[in-house]
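Trainee: Any chance you could fold what I've pasted below:
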Amino acid sequence: MVDANYSDSDTTKYMGRVVYDTDTYDQSLEDAKENGDVTIDSYEPEKEVMTPKEEDANAGVVRDKDGNVMSEATSV
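Mentor: Residues are numbered from 1 along each chain as shown. Presented below is the predicted three-dimensional model:
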C-alpha cells in the first residue's frame, strides 16, 4: 500500500536528465524502457519544458503588443 500524503516530502530537486541510447539502436523511449536502456545523466543541465508563451497561457496572463502584462481591467 502506498501513502499518498505528501506533507512529509521535501522540495523537488533536479537530479539529471533522463536519457536513453539512440546512437547504437534506433529505439523509442518505450523501447528503451523495455530494454532497460534508460539512465539519468546528472551532468545534463535542466531544460525549460514550456516556452514563455505557454507559461503565460497556463497562468492566464495576457500581454499587450509590447510584451507588458495587462491587468484584467484593461484586457477587456
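Trainee: Now do the helices for this protein: every range, in order, please.
Mentor: In the chain, the helices defined using DSSP state H lie at 29-35, 52-59.
Trainee: Which of those has the highest mean neighbour count?
Mentor: Most buried of those by mean neighbour count (mean count of other C-beta atoms under 10 Å) is helix 29-35; its value is a mean of 13. C-betas here are computed from N, CA, C, even on glycine.
Trainee: picking that back up, adding mean pLDDT as columns, could you present the helices of the chain in TSV?
Mentor: Formatted as TSV, those follow (pLDDT from 0 to 100):
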stretch	mean pLDDT
helix 29-35	81
helix 52-59	81
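Trainee: Tell me which of those helices lies nearest to Tyr14.
Mentor: The minimum distance between Tyr14 and the helices of the chain falls on helix 52-59, with 17.9 Å, by C-beta to C-beta.
Trainee: which outside residues touch the closest one?
Mentor: Contact with helix 52-59 is made by Met50, Val61, Val62, Arg63, as judged by C-beta atoms under 8 Å, 6 or more residues apart in numbering.
Trainee: Without its sequence neighbours, what residue ends up closest to the first one?
Mentor: Which is Met50. Asn58 (7.1 Å; C-beta to C-beta, 6 or more residues apart in numbering).
Trainee: what separates the one you found from Asp66, distance-wise?
Mentor: Separation of Asn58 from Asp66 (C-beta to C-beta, to the nearest Å): 21 Å.
Trainee: ok, back up a step: considering the contacts of helix 52-59, which is situated nearest to Asp23?
Mentor: Once C-beta to C-beta is applied, the member of the contacts of helix 52-59 that ends up nearest Asp23 is Met50, at 27.9 Å.
Trainee: Just give me the neighbour total for that closest one.
Mentor: 10 (other C-beta atoms under 10 Å).
Trainee: Compute the distance between it and Val62, please.
Mentor: With C-beta to C-beta as the criterion, Met50 and Val62 are 17 Å apart.
Trainee: All the strands of the protein, residue numbers only.
Mentor: 17-20, 38-41 (DSSP state E).
Trainee: Sweet, I'm off.
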